[in-house]
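Participant: pasted the sequence and its predicted model underneath.
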Amino acid sequence: MDTLQTMRAFVSVAETGSFTAAAQQLNTTTAYVSRAVASLETHLRARLLNRTTRRIALTEAGQRYLLRCEQILAYIEEAEAEAGDAHARPAGKLRVHSMTGIGQHYVISAIAGYRKLHPEVAFELTMANRVPDLLDEGYDVAILVATDLPDSGLVSQRVGETYSILCAAPAYLAARGAPRTPAELIEHDCLRLVSPVLPLDKWLFDGPHGQEMITLGPSPFQVNVGDAMTEAIRAGMGIGALPVYSASAGLRDGSLVRVLPHYKLQILNVYALYPSRQYLDAKIRTWVAYLRETLPGILQADEARIPEGGRPQS
C-alpha cells in the first residue's frame, strides 16, 4: 500500500464529500479512490468514513486522522518546494574543502566576494592538504591543485592554473651561491613540499630548453603546507619550491629571492570537484561559476608580479 497516495485519496474525499469528485480532482477513477480509502481503513483497523447512498461523513477517528493527514501532506509539499527551490535559488549551507595554500590565499576572499552576490549562502570551509572523499565526508565542493585528477566518477571543473617557483633566502645564496641550471641543484639543500597530488622526490621544470626533470637527493627538511615551507626558506634552510601565491609576499619584501628565474615548475591546474551534474544545487552551480569567472584573473595578476628576472613588479 502506498500510504501517501491513500492519504491523498482520503483527504480529497473528505474535502469534496464525494468519491466521484475526489477521483476527478486526482485525475483517476472512482473505483481507485474507493479501493484506496478501504485499504487505508483496513490498514488502520478503523472506519474513517460513514457512507450512505446520499452522503459521506467523517467518523470521529476520521476527523482526527484527517487533521494529521493534512499536516503531513503540507509538510511534504513544503519539503518538495524547498528542494525544488534549491535548484533555482542559492541558499543554505555550502560545505567546501580546500587545499590549504589556495584556501588561505584565494578561497576565503572568493567566499567574501560570492556572498556579496548571494548572502543567503553560508559557508563551512575546511582546509587540509589532502584529497577528501566528498561522498563519505559530506562536502559539496572540493578545491584541489593538481596536474590532473584521477577518474573518480565525480565532476571536475578547471577554474584556473598556477605554478611553483624556486626560492631561497638571501643569506643562503650568499653562503652557498646560486645554481645556474636545474642540474646544479644536486649541490644544494633542497627542501621538499609534501603534496597528495605531486611526487615528493622529483621537480619537473619548464625552461629555456623545454622540460627538464631532476631527482632530489636527501633533504634536510620537508613539510606539507606551503606557508610553512615559506618560513623554512626564509630561515635559510635551503632552496624550496613555492606556489606563486605563497612566494609573492616574500619576493616583494626581499626576504626571498627567486632561484633559476628563467625556470618554473610544472603548470598546476586548480579544480573544483563536486559529486554530480544532475539536479545540481543552485549554490554549488553558482559557486563553481563564480570561481571560474574570477579566479583565473586573480592568479594571472599575481603571476604578472613575478617576472622572469625574479624581482617582483610593484
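Facilitator: Right, received. Where do you want to start?
Participant: so where is this structure shaky, pLDDT-wise?
Facilitator: Confidence mapping of the chain against pLDDT under 70 gives the ranges 53, 81-88, 277-279, 307-314.
Participant: give me the most central residue, it.
Facilitator: residue 141 (1.2 Å; Cα atoms, centre = their mean).
Participant: that one reaches residue 273, doesn't it?
Facilitator: Yes - counting by Cβ atoms under 8 Å, residue 273 is a contact partner of residue 141 at 6.9 Å. In short, each C-beta sits where N, CA and C put it, glycine included.
Participant: quick check: the gap between residue 29 and residue 40.
Facilitator: 17 Å (Cβ to Cβ, to the nearest Å).
Participant: make that residue 56, sorry
Facilitator: On the measure of Cβ to Cβ, residue 56 and residue 40 end up 14 Å apart.
Participant: the two: which has the busier surroundings?
Facilitator: Using other Cβ atoms under 10 Å as the criterion, residue 56 and residue 40 rank with residue 40 on top: 21 against 17.
Participant: can you give me the helices in the stretch 201-314 of the chain?
Facilitator: With DSSP state H, counting those that start in this stretch as the criterion, the stretch 201-314 of the chain has helices at 226-234, 244-253, 282-304.
Participant: buried ones in the last one?
Facilitator: Yep, that's helix 282-304 we're talking about. Buried residues in helix 282-304, counted by 16 or more other Cβ atoms under 10 Å: 282-284, 286-288, 290-291, 294-296, 298-299, 302-303.
Participant: also the second one?
Facilitator: When burial is assessed from 16+ other Cβ under 10 Å, helix 244-253 yields the following buried residues: 244-248, 250-251.
Participant: residues in contact with the closest residue to residue 227 other than its chain neighbours?
Facilitator: Closest residue to residue 227 apart from its sequence neighbours, by Cβ to Cβ, 6 or more residues apart in numbering: residue 246 at 5.9 Å. Residues in contact with residue 246 (Cβ atoms under 8 Å, 6 or more residues apart in numbering) are 101, 105, 226-227, 229-230.
Participant: if we use 10 Å, what do you get?
Facilitator: With contacts defined as Cβ atoms under 10 Å, 6 or more residues apart in numbering, the neighbours of residue 246 are 100-102, 104-105, 164-165, 167, 193, 225-230, 233, 240, 256.
Participant: for residue 125, same thing?
Facilitator: 94-98, 103, 107-108, 111, 143.
Participant: mind checking the SS state of it?
Facilitator: strand (DSSP: H, G, I helix; E, B strand; the rest coil).
Participant: which parts of this structure belong to which domain?
Facilitator: The record's domain parsing of the chain by automatic domain parsing lists 3-86, 92-161+269-304, 164-266.
Participant: show the buried residues in the contacts of residue 246.
Facilitator: 100-102, 104-105, 164-165, 167, 193, 225-227, 229-230, 233, 240, 256.
Participant: quick one: the strands in the stretch 1-150 of the chain?
Facilitator: 49-51, 56-58, 92-98, 121-127, 141-146 (DSSP state E, counting those that start in this stretch).
Participant: out of those strands, which is closest to residue 23?
Facilitator: strand 56-58 (13.1 Å; Cβ to Cβ).
Participant: for the closest one, packing partners?
Facilitator: If you count contacts as 3 or more Cβ pairs under 10 Å, 6 or more residues apart in numbering; DSSP states H and E, strand 56-58 packs onto helix 3-16, strand 49-51, helix 60-86.
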